[in-house]
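Novice: Can you look at this prediction? I've put the sequence above it.
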Amino acid sequence: MEKKELLYEGKAKKVYTTEDPDVLIVSYKDDATAFNGLKKGTIVGKGAINNRMTNFIFRKLEEKGIPTHLIQELNDRETAVKKVEILPLEVIVRNYSAGSFAKKMGMEEGIKFSRPTLEFSYKNDDLGDPFINSYYALALDLATQEEIDALTKYAFLVNEVLQEYFDGLNIDLIDFKIEFGRYHGQVILADEISPDTCRLWDKDTREKLDKDRFRRDLGGTEDAYEEVFGRLGIQ
Ligand code: ADP
Ligand code: UDP
């Protein structure tokens with residue numbers, strides 16, 4: 001599989017076309033951004049970790065019946081994926097208070113909820129990805145009711161699978177963001193699942209093993225990504 005043209009360069013990945021109109025190649029970068037691109041930096045080794053971790057997790061999710069865009073890992077940083085039409089919704093699931101939720105609700109971080117929450121942001125960098133609900137999404141034709149039902153079901157299932165899996169690695173899954181796309185009439189999981197898009201805390205030390213180390217200048221960001229990757233035990 002060969003890259004043809006650069007289709008899109010995002011904050012964390014480059015996306016290339018291939019000979020096959022249904023197939024893209026994503027190339028993961030070490031670039032890191034936060035606060036809607038205001039803070040920029042590099043997390044050395046992140047591209048390879050996020051690529052390999054995403055693919056490892058997507059394979060697990062496929063085994064549990066969640067369709068994903070994964071076709072084939074090509075090398076450390078690059079993966080062939082099904083080209084989807086991304087739904088302009090960031091789907092966020094939370095098990096514990098943290099980040100924007102903690103701020104909005106006036107809560108400290110790390111409080112476990114009685115049950116997971118699900119919310120949407122409108123994927124629009126100019127607006128700073130504002131919080132929306134399913135009525136906004138329907139009114140603005142961002143997605144159909146069927147698509148929202150499907151991705152809601154998948155998002156909670158992803159949460160169950162990931163929570164159980166990370167539990168075995170002595171990690172609490174605090175929250176995460178996922179994206180879905182349309183592929184030949186189906187809604188499938190796309191983009192990535194990595195320490196860039198999840199909050200992951202060590203169960204014993206409550207140490208943050210995710211992008212919050214970069215966002216909040218906590219130091220040890222590379223080590224945290226390596227730590228999560230090491231615990232996955234990918235050969
Ligand atoms: P951003 O656009 O937020 O800067 P990235 O740097 O991760 O993010 O860029 C990757 C882009 O590719 C994102 O906009 C994402 O929605 C999109 N994308 C991810 N998977 C697919 C796919 N299978 N088909 C088409 N686009 C995808
Ligand atoms: N998240 C993400 N991309 C975004 C916004 C959030 O991957 O553009 C992830 C973030 O890493 C966290 C979860 O979504 O795991 C919830 O983030 P939150 O809404 O608390 O926003 P933040 O505090 O990151 O601004």
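Specialist: Yes, it's here. Ligands and ions are numbered 1, 2, ... in the order given.
Novice: can you give me the strands in this protein?
Specialist: Using DSSP state E, the strands of the chain run over 6-9, 13-17, 23-28, 31-34, 39-42, 70-73, 78-82, 85-86, 89-96, 112-122, 131-132, 171-183, 186-190, 198-202.
Novice: between those strands, which one is nearest to ligand 2?
Specialist: Closest of the strands of the chain to ligand 2 is strand 171-183, at 3.4 Å (criterion: CB to the nearest ligand atom). In this view, the C-beta of every residue, glycine as well, is placed from N, C-alpha and C.
Novice: For stretch 173-182, what is the distance to the chain centroid?
Specialist: 5 Å (CA atoms, centre = their mean, to the nearest Å).
Novice: now stretch 141-159
Specialist: Worked out by CA atoms, centre = their mean, stretch 141-159 lies 15 Å from the chain centre.
Novice: Let me know the average pLDDT across stretch 111-128.
Specialist: Stretch 111-128 carries an average pLDDT of 97.
Novice: Single out the residue in this protein that lies closest to ligand 2.
Specialist: As assessed by CB to the nearest ligand atom, ligand 2 sits closest to residue 99 within the chain, at 2.3 Å.
Novice: What number of residues are in the vicinity of that residue?
Specialist: Per other CB atoms under 10 Å, the neighbour tally for residue 99 reads 15.
Novice: likewise residue 50?
Specialist: 25.
Novice: Closest residue of this protein to ligand 1?
Specialist: Proximity of the chain to ligand 1 (CB to the nearest ligand atom) peaks at residue 10, 2.2 Å away.
Novice: what does the model give that residue for pLDDT?
Specialist: We have a pLDDT of 96 for residue 10.
Novice: again, but for residue 235
Specialist: 78.
Novice: ok, now residue 204?
Specialist: Confidence score, pLDDT, at residue 204: 98.
Novice: same deal with residue 1?
Specialist: For residue 1, the model assigns a pLDDT of 84.
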